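Visitor: I'd like to go over a predicted model; first the sequence, then the structure.
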Amino acid sequence: MSLEKPLNQYLVFRWAAHCLALPAKSPLLPLFWQQLAVLLLARVPARAAGGMAPAYGIRFFHGREEQLTALKKRCVTKQRSSDVAGSSRLR
């Protein structure tokens, strides 16, 4: 019996999949992106006094560059559509 967990069961991958699958107009999308950001920017407790610990969440995507690229594209697309919607409301 193996105690190792398949990679796709880690929360960071599940939230990433939800961020990609959720419709762009969904009101839950910002919440999902926020949760993914929390997981990606998680830090290991610093061992040295006053030393900064690096974020380790992004390391889960080594070897999964296509999923990371899809997330980046989705984020940029959503930002641009929000900018366009926001600028049209100002007129």
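Guide: Structure received. Numbering: from 1, shown residues only.
Visitor: okay, the residue lying closest to G57 once chain neighbours are set aside: pLDDT?
Guide: The spatially closest residue to G57, leaving aside those adjacent along the chain, is L40, at 3.7 Å (CB to CB, 6 or more residues apart in numbering). C-betas here are computed from N, CA, C, even on glycine. We have a pLDDT of 88 for L40.
Visitor: contacting residues around L40?
Guide: Counting by CB atoms under 8 Å, 6 or more residues apart in numbering, L40 makes contact with V12, A55, G57, I58.
Visitor: Buried only: go through those residues for me.
Guide: V12, G57 (16 or more other CB atoms under 10 Å).
Visitor: out of the contacts of L40, who's nearest H18?
Guide: Checking the contacts of L40 against H18 with CB to CB, the nearest one is V12 at 11.0 Å.
Visitor: Who are the packing partners of the helix or strand of the chain with the lowest mean pLDDT?
Guide: Every helix and strand in the chain was compared by mean pLDDT, DSSP states H and E; the lowest is helix 65-90, with a mean of 81. Packing partners of helix 65-90 (3 or more CB pairs under 8 Å, 6 or more residues apart in numbering; DSSP states H and E): helix 11-21, helix 29-40.
Visitor: And the residue nearest the centre of this structure?
Guide: L36 (3.6 Å; CA atoms, centre = their mean).
Visitor: mind listing what the closest residue to that one other than its chain neighbours touches?
Guide: Computed as CB to CB, 6+ apart, the closest residue to L36 that is not its neighbour in sequence is W15, at 4.4 Å. The contact partners of W15, by CB under 8 Å, 6+ apart, come to F32, Q35, L36, L39.
Visitor: make it 10 Å
Guide: Contacts for W15 (CB atoms under 10 Å, 6 or more residues apart in numbering) come out as F32, W33, Q34, Q35, L36, A37, V38, L39, L40.
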